[in-house]
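Peer 1: this one's sequence-less:
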């Protein structure tokens, strides 16, 4: 099935095409028609199954229809509630991508930052609001947010909210919503508490359950590199000295981080480009084409921008930053080792990322082999870092170059050609 078979309007289809989306994932295929019909939806699906697009697309389409409001009035019409800042930012980025050809305003609000820019945006008018519970309630109490006109409400990652102690806040927020609304409820698991919450907020919902991707291809050789944060860039340069690495897709957590890595690589003569949400569509397409034709050796990408990237015979993927969502790791390294071909996935892990590593290894059901022969290897306090007690160690060479006995050096302090 293709997206154009789901009854999606042309402006959204054009945006999906520009993001290189053609076929919906199972949850998108099942959920989008139900949501567009006006039904409530109960989805059991983890991050990594495509559920953000599954609810973002019908929200954008529903809100694109003309609606009569009083002159100067622009109320919040859709609310997406999610437990963490990282998820909130990712969701808002998705609305930005899929709704680029629609005249709808969206905003993300979360705590830990100055609220003034968020308040200024709210005063200008917002159609779609993505929020974490604490900051949302804070802004409501200050009179900056009114939810009485919300037409669509999404509760995302409900079980994580329960684990993080947000259930009381969620119930408070629900009381401020109109009773007549469409509601989408997503949770990775359905314990009794979550079922009770779902029954309280949903009306005759369509139920959709999708099994997440949780395994990695056997053809992908995975290696783990423990490294201090400040040495990551030097480790990347060291690995790129291997001439067998003709092209590599590097994943970073942030847009700024992607740009910074490219700048450092260019300094040492490595042809590199970044692809992320702040780049224009033309710039992103140009960077991707350069990578596919081998004109660019290194493509540095964020997870949002990397969706839809499909490069034939890509052999190497490097996780410069480990993802905080374990399913994302599976999707990242799945860019290589396709169609029965072999692939290599290197993952850098600093001490603060060990908790992410634990979640990844639990999901994929194996312990990633550690390479401790590179010149920037470091040891962490395993118990303090909450890392699994037993991790396989590999003292052998995991690439064609020689790691053993190399001295540490700053690979970004000199120029070299590639």
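Peer 2: Now that the structure is in, tell me what you want to look at. Just so we're clear, the structure is a prediction, and the values are computed from it rather than from any experiment.

Peer 1: who touches residue 109 in this structure?
Peer 2: Residue 109 is in contact with 88, 115, 118, 122, 129, 130, 131, 132, 135, 136, 139, counting by Cβ atoms under 8 Å, 6 or more residues apart in numbering. Backbone N, C-alpha and C define where each C-beta goes, glycine included.

Peer 1: For it, give me the backbone phi and psi.
Peer 2: Dihedral angles phi and psi of residue 109 (degrees, to the nearest 10) take the values phi -130, psi 140.

Peer 1: Domain parsing of this structure, as residue ranges.
Peer 2: 3-209, 220-394 (automatic domain parsing).

Peer 1: weakest of the ones you listed by average pLDDT?
Peer 2: Summarising mean pLDDT across the domains of the chain, the least confident stretch is domain 220-394, with a mean of 85.

Peer 1: How far off centre is that one?
Peer 2: With Cα atoms, centre = their mean, to the nearest Å as the basis, the distance from the averaged C-alpha position of domain 220-394 to the chain average is 14 Å.

Peer 1: And for stretch 144-160?
Peer 2: With Cα atoms, centre = their mean as the basis, stretch 144-160 stands 20 Å off its chain's centre.

Peer 1: Figure out the length between the terminal residues of that stretch.
Peer 2: The stretch stretch 144-160 measures 27 Å between its terminal residues, going by Cα to Cα, to the nearest Å.

Peer 1: hang on, residue 184 in a helix?
Peer 2: No: note on residue 184: no helix contains this position according to DSSP: H, G, I helix; E, B strand; the rest coil, which reports strand.

Peer 1: Was I right to think it contacts residue 38?
Peer 2: No: taking Cβ atoms under 8 Å as the definition, residue 184 is not a contact partner of residue 38, at 11.7 Å.

Peer 1: So between those two, which is more surrounded?
Peer 2: Under the neighbour definition other Cβ atoms under 10 Å, residue 184 and residue 38 were set side by side, and residue 184 has more, 28 against 9.

Peer 1: Quick check: that one vs residue 371, distance?
Peer 2: 43 Å (Cβ to Cβ, to the nearest Å).

Peer 1: do residue 326 as well
Peer 2: Here residue 326 is placed at a distance of 21 Å from residue 371 (Cβ to Cβ).

Peer 1: before we move on, what about residue 363?
Peer 2: For residue 363, the distance to residue 371 (Cβ to Cβ) stands at 21 Å.

Peer 1: again with residue 179
Peer 2: 57 Å.

Peer 1: Please apply the same query to residue 191.
Peer 2: Taking Cβ to Cβ as the criterion, residue 191 is separated from residue 371 by 39 Å.
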